[in-house]
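Novice: Build me a model:
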Amino acid sequence: MNKKIVYRTLLLSIVGACLSCVQALAQSVTLNPAVEYQTIRGFGGMNGVGWIGDLTPAQIDAAYGSEPGQIGLSIMRMRIDPNSANWRLQVPAAVRAKQKGAILLATPWSPPAHMKTNNSLINGGKLKPEYYGDYATHLLSFVDFMSRNGASLYSVSVQNEPDWHPDYESCDWSGDDFVNFLNSQGSRFDSSINVAVGEAVGFAKRFTDPVLNSPTAVQHADIIAGHLYGAVPQDYPLARSKGKEVWMTEHYTDSKSDANVWPLALDVGTELHRSMVANFNAYIWWYVRRFYGFLAEDGTVTKRGYIMSQYARFVRPGFKRIAVTEKPYSDVLVSAYKGPNNKIVMVVVNNGTVSRSLNVNLQNGSVGNFIKYSTSSTLNVGYGGTTRVNNGAVTLYVEPQSIATFESEGSGATTSSSSSSRSSVASSSVAISSSSIPRSSSSSPVATSSSSSSANSAANASCSYVVTSDWGSGYTAAIRIRNNGTNAINNWSVNWSYADSTRITNSWNATLTGSNPYAATGLSWNSSIPPGQTVEFGFQGTKNNGNPSIPTVSGSVCK
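Specialist: Numbers count the residues shown, from 1 in each chain. The predicted model follows:
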């Protein structure tokens, strides 16, 4: 009996070890920029001025700016108030968002009450056909008002949620109502504005199929829109066959939990992925600023905001989604995009509890390096190093329960190492986990090329310390370890110390120990450095005003 127990224990151990080996094996991902899908119009959110407080200028910058620490939204959705006297409330935020490069979508929740069958703004009611002309004038007047005040619109919607009749502003429409309205009034919009139709609660096609199937109404509809309440993203082949863009114009994944709860926040990444592979051209969240939104009530960017940023900052308007292996693991989702000058962006959502490695094979394209940025429980679009692409192949790593964006840099013809030229662009690409960097112009981070390096001829490795940002009282820096040999370097460790009061406050992509001197070791996904590759980890710290210290890096691979 004891032998059986021992044998069983040994067998389970072997099986467990084998399962661990299987988990560690990299899955192949094929990336083909020659196969293109939809054009990305943008990512956005709703500004609720009139119902909640307006976004402040600083909050608009945080949401619609595309610099490190900002989200990179490119669409602002707003409400068309039934009372034209209140339209002025929309102007300041809309103007500032446009200055940041955003496009504007305006949606009515209800026509003016006198135009409706229930003579009320609330509880549904239908637009009377005899008021179709007046209602079109109402919408076009809003378009003209915003244009005259420096906030010209990209699109105007006919109605928000025609299938929802709550005790707040609402109106009941059918698919045939949309057809009749567009047939009657659609030509008035054709030369001035893109018309969005639908916006049903669950993206119900019964509101938009009649428009798409009408040979006359379809000519006046530019965007087929819908919401995802109680629904999942699905392709809309009929809309695409008619040459119409498909926009998801309102949803939130959860309104009961704080936006910083991890890993619950990752649901945003999953829904964004599903929306993109469903060929949606745009994705718009509900309120930009809300405890469950992209900005917290105090205006700070939340985890959900940083997840949105993994798409919005890097996949810019005009990019095209391209072919890539979508699901290399059961818990990993991959989408890819192509922008100007054949820039490639790949976004990977790892919902699993183990690190995943991807053997990426690039077809019909050329990339020199991939730069990694990640959001996890500890990182906020944190810089995760640069990996060189060799002969169209590269292995990339994604930490458990995280989202990573890999942005191409250069072409495959490059012969520079994966750590080349990083210091010269650090100020525009570095992103700090739990950042406390001041945002004012007088103390904004500046790039610096200060560095020190050492090499170990026996290990054929070189190590360098590079200051990537400096704002007087603080700094960020990175240590890069390059394997110059022909064999892999495993289980690396490095050490360094500061001769002054410089101290480290947080770090990423390594396990950091000590308090001057400091030591760092690799994580499960970056503790091995293949020949010709570079591993990089980073940290943030405090210092006295003056030039940052540049210590010598030593350790098992770079003494």
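
Novice: Off-centre distance for stretch 537-546?
Specialist: Remark: stretch 537-546 is offset 27 Å from the chain centroid, using CA atoms, centre = their mean, to the nearest Å.

Novice: Now do that stretch: distance from first to last residue.
Specialist: For stretch 537-546, the first-to-last residue distance is 24 Å (CA to CA, to the nearest Å).

Novice: can you pull the buried residues of it?
Specialist: 537-541, 543 (16 or more other CB atoms under 10 Å). Any C-beta I mention is one placed from the backbone N, CA and C, and that applies to glycine too.

Novice: Sketch out the low-pLDDT regions of the chain for me.
Specialist: 1-25, 412-459, 559 (pLDDT under 70).

Novice: re the thing from before, between the buried residues of stretch 537-546, which is closest to Gly150?
Specialist: Gln540 (38.8 Å; CB to CB).

Novice: Wasn't that closest one part of a strand?
Specialist: Yes - assessed by DSSP: H, G, I helix; E, B strand; the rest coil, Gln540 belongs to a strand.

Novice: helix or strand for the closest residue to it other than its chain neighbours, which one?
Specialist: In this structure, Gln540 finds its nearest non-sequential neighbour in Thr476, 4.9 Å apart by CB to CB, 6 or more residues apart in numbering. Assigning secondary structure by DSSP states H and E places Thr476 in strand 474-483.

Novice: tell me what that strand is packed against?
Specialist: In terms of contacts (3 or more CB pairs under 8 Å, 6 or more residues apart in numbering; DSSP states H and E), strand 474-483 is packed against strand 461-470, strand 493-496, strand 528-529, strand 534-542.

Novice: Taking strand 461-470 as reference, get the angle to it.
Specialist: Interaxial angle, strand 474-483 versus strand 461-470 (axes from the mean of the first three to the mean of the last three CA atoms, to 10 degrees): 160 degrees.

Novice: mind listing the helices for this protein?
Specialist: Using DSSP state H, the helices of the chain run over residues 2-24, 57-64, 91-99, 132-148, 175-185, 209-213, 237-241, 267-277, 303-312, 426-429.

Novice: Dump these to TSV, plus mean neighbour count and distance to Tyr168.
Specialist: Compiled in TSV, the helices of the chain are given as follows (neighbours: other CB atoms under 10 Å; distance: least, CB to CB, whole Å):
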stretch	mean neighbour count	distance to Tyr168
helix 2-24	10	50
helix 57-64	22	24
helix 91-99	20	21
helix 132-148	17	19
helix 175-185	20	21
helix 209-213	19	26
helix 237-241	15	29
helix 267-277	22	25
helix 303-312	28	25
helix 426-429	18	43
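
Novice: Out of those helices, which is closest to Pro108?
Specialist: Nearest to Pro108, of all these, is helix 132-148, at 6.8 Å by CB to CB.

Novice: Tell me who's in contact with Ala404.
Specialist: By CB atoms under 8 Å, 6 or more residues apart in numbering, Ala404 lies in contact with 310, 347-348, 350, 372-374, 384, 396, 398.

Novice: Okay, it and Ile371: tell me how far apart.
Specialist: Relative to Ile371, Ala404 is positioned 11 Å away (CB to CB, to the nearest Å).

Novice: Next: Asn194.
Specialist: The gap separating Asn194 from Ile371 is 34 Å, by CB to CB.

Novice: What is the distance between stretch 463-470 and the centre of its chain?
Specialist: On CA atoms, centre = their mean, the centre of stretch 463-470 falls 27 Å from that of its chain.

Novice: ditto for stretch 82-96
Specialist: 28 Å.

Novice: That one: end-to-end distance?
Specialist: With CA to CA as the measure, stretch 82-96 spans 23 Å from end to end.

Novice: For the longest strand along the chain, C-alpha coordinates in PDB please.
Specialist: Looking across the chain with DSSP state E, the single longest strand is strand 27-39. Written as PDB, here are the backbone C-alpha positions of strand 27-39 (Å, rounded to 0.1, in the frame of the first residue of the first chain):
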ATOM      1  CA  GLN A  27       2.200  29.100 -29.300                       C
ATOM      2  CA  SER A  28       2.700  30.200 -32.900                       C
ATOM      3  CA  VAL A  29       1.000  33.500 -34.100                       C
ATOM      4  CA  THR A  30       0.900  34.400 -37.700                       C
ATOM      5  CA  LEU A  31       0.800  38.100 -38.500                       C
ATOM      6  CA  ASN A  32       0.000  39.100 -42.000                       C
ATOM      7  CA  PRO A  33      -0.300  42.900 -42.800                       C
ATOM      8  CA  ALA A  34      -1.300  42.200 -46.400                       C
ATOM      9  CA  VAL A  35      -4.700  41.000 -45.200                       C
ATOM     10  CA  GLU A  36      -6.700  44.100 -44.200                       C
ATOM     11  CA  TYR A  37     -10.100  44.400 -42.500                       C
ATOM     12  CA  GLN A  38     -11.900  47.500 -41.200                       C
ATOM     13  CA  THR A  39     -10.600  51.000 -40.900                       C
END
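
Novice: Next, the buried residues of it.
Specialist: If you call a residue buried by 16+ other CB under 10 Å, then strand 27-39 has these buried ones: 29, 31-33, 37-38.

Novice: Count the residues that sit near the residue nearest to Ser556 when sequence neighbours are not counted.
Specialist: In space, and not counting its chain neighbours, Ser556 is closest to Ser493: 5.1 Å by CB to CB, 6+ apart. By the criterion of other CB atoms under 10 Å, Ser493 has 18 neighbours.

Novice: what does the one 10 residues further on give?
Specialist: The local packing count at Arg503 equals 12, with neighbours defined by other CB under 10 Å.

Novice: Quick one: residues contacting it.
Specialist: Arg503 makes contacts with 515-516, 541-543, as judged by CB under 8 Å, 6+ apart.

Novice: Tell me the one of those residues nearest Pro328?
Specialist: Of the contacts of Arg503, the one sitting nearest to Pro328 (CB to CB) turns out to be Gly541, at 37.0 Å.

Novice: what's across from the closest one in the sheet?
Specialist: Taking DSSP bridges as the rule, Gly541 bridges to Tyr475, Ile504.

Novice: Number the chain from 147, please
Specialist: Fine by me, first position is 147 from now on; the one you just mentioned is Gly687.

Novice: Isn't it up against Thr648?
Specialist: Yes - between Gly687 and Thr648 there is a contact under CB atoms under 8 Å: 6.0 Å.

Novice: now the buried residues of strand 173-185 in TSV, with distance to Tyr314?
Specialist: Listed next are the buried residues of strand 173-185 as TSV, based on distance: CB to CB, whole Å:
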residue	distance to Tyr314
Val175	46
Leu177	46
Asn178	47
Pro179	46
Tyr183	37
Gln184	33
